[in-house]
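A.B. asks: have a look at this prediction, sequence included:
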Amino acid sequence: MSFFLLHPPDALDSDQPRAAFGCRYWTFTSTCKVLKTMAHLVWKTELNTGIHEIDTQHQRIVQYINALDDARRTNDRKVVGRIIEETIDYTASHFAFEEAMIEDAGYPFSGPHKKVHEIFVRRVTEFRARFESGEEVLAELHDMLSRWLFNHIRHEDGAYVATVKAHLRTTDSSAEVLVHAQVRQAVQQGGAAGQVKLGWMRRLFGG
C-alpha cells in the first residue's frame, strides 16, 4: 500500500538507486532490503476524512512523529524523552476527542474503536518504559507509529466518516462544537472525569 511518502534525510547522500514503495525506501543490491533509516512523513490529501478537526489532529500527530526523527539527531535523550511524552499525550487527547465525537454521532462500533485506541496506548506506553530503562527504541517506535497511524486512518477511522458527517449535517454543527458541549456538561456535573475532559479539550484547542 502506498499512502504516504517518506524522505529519509540520511539516505539521500547514498549512491544507491532508490525508489519509494509505500513507507520505506529500498536499495537495489543483489537483493532488496530496507534501509535502516528513519524518515519524515509527508501528508497526502487522500488521507483527509473531510472532518476538519480530525484531519487537523491527524496532521499534528504526523508532525510529532517527524519530531521524533529530528530529535534522534540531537543525541539528547532528554529531548527525545520530551517528544515521546508529548506524542503520547497529544495522541491520547485526540483519541478522547474522537471517541466522544463518534459516540455523539451514534456510531455503532464506537466500543470496538475505543478498544483499538486502548491497545495502541498500551503499546506506546511500553515503548516509553523501554526508553526510560535505557533501551534504544526510537527507530522502532517511529516505524510503529508511522505504520499504525496511516492504517488506522484508512480503516478504523474511515469506517465512521459517513456516520459522523451525516450527524454533523443533521445537527448543522461541527465536531468541536458537539464535543465541547459534552465536556461542558461533564464539568458542570463535577468530579474528576469532567476535569480530565476539559484538559484534553484545552490541549487540542487551547483556552
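C.D. replies: Nice, thanks for sending it over.
A.B. asks: longest helix anywhere in the chain?
C.D. replies: helix 77-104 (DSSP state H).
A.B. asks: centre of the chain to it, how far?
C.D. replies: Relative to its parent chain, helix 77-104 has a centroid offset of 8 Å by Cα atoms, centre = their mean, to the nearest Å.
A.B. asks: likewise stretch 153-168?
C.D. replies: 16 Å.
A.B. asks: and it, what's buried?
C.D. replies: Neighbour-count burial for stretch 153-168, counted by 16 or more other Cβ atoms under 10 Å, picks out Ile153, Asp157, Tyr160, Val161, Thr163, Val164, His167, Leu168. C-beta: built from backbone N, CA, C; applies to glycine.
A.B. asks: which residues does Leu204 contact?
C.D. replies: Leu204 makes contacts with Glu53, Gln57, Tyr90, Ser93, His94, Phe97, as judged by Cβ atoms under 8 Å, 6 or more residues apart in numbering.
A.B. asks: switch to 10 Å and redo it
C.D. replies: Leu204 sits next to Glu53, Thr56, Gln57, Arg60, Tyr90, Ser93, His94, Ala96, Phe97, Glu176, Val179 when contact means Cβ atoms under 10 Å, 6 or more residues apart in numbering.
A.B. asks: on the three-state scheme, it is what?
C.D. replies: helix (DSSP: H, G, I helix; E, B strand; the rest coil).
A.B. asks: for Tyr107, same thing?
C.D. replies: Under three-state DSSP, Tyr107 falls in the coil class.
A.B. asks: I figured it hits His113, correct?
C.D. replies: Yes. Contact criterion Cβ atoms under 10 Å: Tyr107 and His113 qualify, at 7.4 Å.
A.B. asks: next, show the common contact partners of those two.
C.D. replies: Any residue near both Tyr107 and His113 by Cβ under 10 Å, 6+ apart counts here, and that gives Glu99, Ala159, Tyr160.
A.B. asks: circling back: which of the contacts of Leu204 sits closest to Arg130?
C.D. replies: Arg130 lies nearest to Tyr90 out of the contacts of Leu204, by Cβ to Cβ, at 20.2 Å.
A.B. asks: the closest one - nearest residue in space that isn't next to it in sequence?
C.D. replies: Tyr64 (6.1 Å; Cβ to Cβ, 6 or more residues apart in numbering).
A.B. asks: which residues sit in contact with the one you found?
C.D. replies: Ile83, Ile84, Glu86, Thr87, Ile88, Asp89, Tyr90, Thr91, Leu145, Leu149.
A.B. asks: the last one contacts Asn66, doesn't it?
C.D. replies: What that stands for is Leu149. No. Assessed by Cβ under 10 Å, Leu149 is found out of contact with Asn66, at 11.6 Å.
A.B. asks: re the thing from before, just the buried ones among the contacts of Leu204, please.
C.D. replies: The buried subset of those - by 16+ other Cβ under 10 Å - is Glu53, Gln57, Tyr90, Ser93, His94, Ala96, Phe97, Glu176, Val179.
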